[in-house]
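> Fold the following.
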Amino acid sequence: MMKETLALGLIQTPLHWHQPEANRAMLEEKIWQLPPNLDVIVLPEMFTTGFTMDAPRLAEPMNLHTFKWMKQMAAQTGAALTGSYIVAENGAYFNRLLWMQPDGSFWQYDKRHLFRMAEEHHTYTPGQHRLVITWKGWRICPLICYDLRFPVWSRNQGLAYDLLLYVANWPQARQMAWEALLPARAIENLSYALGLNRVGEDGKGIAYAGGTAAYDFKGQALAHLGAEEKITTLSLEAGMLHQYREKFPAHLDADAFDWV
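Sure, this is the predicted structure:
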């Protein structure tokens with residue numbers, strides 16, 4: 001049964017450049033500043049390092065430090081914990097989102113669209129499969145940063161998900177695109193859409209202006225964190241989503257297609 005209200009904790013924060021241990025310690029302190037009884041806690045893209053191509057030095061195998069830390073945090077908070085970090089597997093590197101639940105069960109999504117302007121496609125291997133998780137009866141589709149620019153990959157065929165969730169390191173220089181595309185994804189997919197971005201400056205001098213935000217199925221803003229470091233919570237209502245889909249079933253007129 002779908003829980004009527006999904007409670008999320010959002011952590012918009014600067015990141016220590018190339019310092020996984022320091023970032024895990026910092027994020028752990030912030031997690032404990034959130035109220036109890038949340039359903040999901042969302043962290044940024046590459047939350048242990050910042051957005052970097054130095055994968056050979058910073059990548060971890062699965063089941064090592066960050067995996068174990070996420071498992072511990074999920075168990076202690078009782079919330080699902082999600083964010084991406086750099087994983088080494090079978091001789092390849094992945095910008096991998098991990099979805100960790102309190103009982104230790106987990107799912108993973110490897111970033112599909114790699115940001116060629118930073119040569120991410122030369123360092124990392126793209127993911128081949130989209131992920132939809134069911135948690136507390138909510139169907140959630142987690143994606144990563146640059147994926148936001150590709151509506152076909154995000155398309156909610158057959159209303160497969162209720163929440164489209166992006167974790168990001170989206171630079172300030174392209175903040176206008178972030179602000180425009182998040183509500184667009186919500187409107188066209190008859191879904192809640194949430195984007196969690198970082199703030200601060202990375203080790204290459206690239207600035208990030210946050211703008212972590214959530215939108216409802218009409219494109220109305222439910223939360224917007226601005227450009228400052230901030231920790232907050234957000235509640236999404238199942239009843240309002242279902243009522244709107246019944247009154248405005250635009251998905252029934254959507255074009256059918258298959259992903260290649």
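> Helices of the stretch 151-260 of the chain, residue ranges please.
Using DSSP state H, counting those that start in this stretch, the helices found in the stretch 151-260 of the chain span residues 151-154, 175-188, 238-247.
> Tell me the predicted confidence for the spatially most central residue of the chain.
A centroid search over the chain (C-alpha atoms, centre = their mean) returns V167, at 2.8 Å, as the residue closest to the centre. Among the per-residue scores, V167 shows a pLDDT of 98.
> how close does it get to L181?
V167 sits 15 Å away from L181, going by C-beta to C-beta, to the nearest Å. In this view, the C-beta of every residue, glycine as well, is placed from N, C-alpha and C.
> now do Q172
Look at Q172 and L181: by C-beta to C-beta, they are 15 Å apart.
> Repeat that for E28.
Taking C-beta to C-beta as the measure, E28 falls 31 Å from L181.
> From the structure, what's the count of residues near K204?
Burial of K204 is recorded as 11 neighbouring residues (other C-beta atoms under 10 Å).
> Sorry, wrong one. I was asking about P126.
Per other C-beta under 10 Å, the neighbour tally for P126 reads 13.
> Report pLDDT for it.
For P126, the model assigns a pLDDT of 98.
> Would you list the phi and psi of it?
Main-chain dihedrals, P126, degrees, to the nearest 10: phi -70, psi 150.
> Looks like it contacts R112 (just checking).
Yes - if you go by C-beta atoms under 8 Å, P126 and R112 touch, sitting 5.6 Å apart.
> and the residue nearest to the centre of the chain, what does it touch?
42-45, 47, 82-84, 97, 142, 144-145, 196 (C-beta atoms under 8 Å, 6 or more residues apart in numbering).
> any idea how far it is from N197?
Computed as C-beta to C-beta, the V167 to N197 distance reads 8 Å.
> Which neighbours do the two have in common?
Joint contacts of V167 and N197 (C-beta under 8 Å, 6+ apart) are P44.
> State the distance from the closest residue to V199 other than its chain neighbours to M46.
Closest residue to V199 apart from its sequence neighbours, by C-beta to C-beta, 6 or more residues apart in numbering: G210 at 4.3 Å. G210 is 16 Å from M46, where distance means C-beta to C-beta.
> rewinding a little: element containing the residue nearest to the residue nearest to the centre of the chain when sequence neighbours are not counted?
In space, V167 comes closest to E45 once its chain neighbours are excluded; the distance is 4.7 Å by C-beta to C-beta, 6+ apart. In this structure, E45 sits in neither a helix nor a strand according to DSSP states H and E.
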